[in-house]
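> how does the following fold in three dimensions:
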Amino acid sequence: MRPRVRARASLGQGRGLMPDSGRVTKRLTWYWQVEVANAALVPAAFFIFGAWLGAPLGWPSMAALVPVIGLLIVGGLYWRGKLRALQGERAALDKALRLADRWDRPLLVLTLAALGLAAGGFVIAWPGAGPGDRWGVLIAALLALAEYVNYYHLQLQHFDNWPDFQRLVTGKGFRPAKMAVDLAAWRKQRQSRCRL
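Below is the predicted model:
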């Protein structure tokens, strides 16, 4: 199912580009790197925390972390493409959106599989599972779902940007995810080129 996001024209600098203030460029310069680094740091934190609690994690937790890793990489590369587009390299955003489009359905399927694995862990015992896997898988699956929604549908993350946080606490609700808006515009443009 594709997100119901209207493809809208950009704010004056070409499709999918935010107006470039130095603040946006500065923020995206580190932000994309943090997202990509989290693809390694989040699984490491899961396994370290499980061992610290005396409840080591096994293959089910690693399997449930696969969509999280994929979503963080796709999201990080999207923000990198957005940064490069702001710096005048428009092809970088198109490349990132092509990747996001290609991985949309596979990441959704992996996320749903992780949720199924989480539900199954409360019904059956997995062979070779660690003692912390039941909760590790559940947390990883919910994190995958949140990341999927945050990138492909609605912006859920509001704590790292003051204007976004203000919007949330003033009751203006959630807005479409930036990647979802750019992806909808990219898909619309690609369809119109295919019709020619």
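
> now the helices for this protein?
22-52, 59-86, 90-121, 133-152, 162-169, 178-195 (DSSP state H).

> so which bits of the longest one are buried?
Spelled out, it's helix 90-121. 90, 92-97, 100, 103-104, 107-108, 110-111, 113-115, 117-118, 121 (16 or more other CB atoms under 10 Å). Every C-beta, even on glycine, is put in place using the N, C-alpha and C of the backbone.

> on that earlier part again, who wins for proximity to residue 127 among the helices of the chain?
helix 59-86 (9.3 Å; CB to CB).

> which residues touch residue 156?
Residues near residue 156 by CB atoms under 8 Å, 6 or more residues apart in numbering: 146, 149-150, 174.

> cool, residue 55 as well?
Applying CB under 8 Å, 6+ apart as the definition, the contact partners of residue 55 turn out to be 130-132, 135-136.

> if we use 10 Å, what do you get?
Taking CB atoms under 10 Å, 6 or more residues apart in numbering, we find residue 55 in contact with 49, 130-136.

> over to residue 120?
So residue 120 contacts 60, 126, 134, 137 (CB under 10 Å, 6+ apart).

> Serialize those residues to CSV and add fields for neighbour count, pLDDT and distance to residue 36.
As requested, the contacts of residue 120 are arranged in CSV below (neighbours: other CB atoms under 10 Å; pLDDT from 0 to 100; distance: CB to CB, whole Å):
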residue, neighbour count, pLDDT, distance to residue 36
60, 24, 94, 25
126, 16, 86, 30
134, 19, 91, 29
137, 30, 95, 24
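
> so, low pLDDT: which residues of this structure?
1-21, 157-173, 196 (pLDDT under 70).

> again, only using 90
1-29, 31, 55-56, 122, 124-132, 154-176, 190-196 (pLDDT under 90).

> output stretch 46-53 in PDB with nothing but the alpha carbons.
Coordinates of the C-alpha atoms in stretch 46-53 are reproduced here as PDB (Å, rounded to 0.1, in the frame of the first residue of the first chain):
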ATOM      1  CA  PHE A  46      20.400  -4.300  21.900                       C
ATOM      2  CA  PHE A  47      22.900  -7.100  22.400                       C
ATOM      3  CA  ILE A  48      25.000  -5.200  24.900                       C
ATOM      4  CA  PHE A  49      21.900  -4.300  27.000                       C
ATOM      5  CA  GLY A  50      20.600  -7.900  26.800                       C
ATOM      6  CA  ALA A  51      24.000  -9.200  28.000                       C
ATOM      7  CA  TRP A  52      24.100  -6.600  30.800                       C
ATOM      8  CA  LEU A  53      20.600  -7.600  32.000                       C
END
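
> ok, the spatially closest residue to residue 35 that is not a sequence neighbour - contacts?
The shortest distance from residue 35 to any non-neighbouring residue, by CB to CB, 6 or more residues apart in numbering, is to residue 76 (3.3 Å). By CB under 10 Å, 6+ apart, the contact list for residue 76 reads 31-39, 96.
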